[in-house]
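S.K.: I need the structure of the sequence given here:
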Amino acid sequence: DTIIPDVLQQLNFILSSILSESNIEMIARVCNTPVDSITAILSAVTDMIGMLNIILPSAIQLLDITKCSTISPMLNNFFDTALCNYSITAFAWTVICLSLSTLMGLTMILFRSSFYNNEQ
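M.R.: Here you go, the predicted structure:
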């Protein structure tokens, strides 16, 4: 939980040290780019860090919600109920329905042969 805020604090510190006028001019000279380009990039990075600071609490809450200690009891309850209770009931219903279907099919074949009595 503390890694992400620490990284954001370090990014803020680095960005604040770069944002001084002399540092921007030095970076522009070293990279051989206009100062406006460096300023635009730093502005975009500042905006992204601001968005990360806004999103961070929600992301931490999402991580807390999806921890194994939260999800595991729900999955255990779901699979225990599904595998131990409902699967046996479903198997019983399947056997009963297939048995009735087989019995009805055999009955139809029996009645058909007696209804159409073709003696040759």
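S.K.: need the next SSE after the helix or strand hosting V7, C-terminal direction.
M.R.: Using DSSP states H and E, V7 sits in helix 3-18. Per DSSP H and E, the first helix or strand lying C-terminal to helix 3-18 is helix 21-31.
S.K.: in the protein, which spans are helices?
M.R.: 3-18, 21-31, 35-65, 68-80, 87-115 (DSSP state H).
S.K.: which parts of the second one are buried?
M.R.: For helix 21-31, the buried set under the neighbour-count rule, 16 or more other CB atoms under 10 Å, comprises I24, I27, A28. (C-beta placed from N, C-alpha, C; glycine too.)
S.K.: in stretch 29-41, what counts as buried?
M.R.: For stretch 29-41, by 16+ other CB under 10 Å, it's I38.
S.K.: pLDDT below threshold where in the chain?
M.R.: 1-4, 21, 117-120 (pLDDT under 70).
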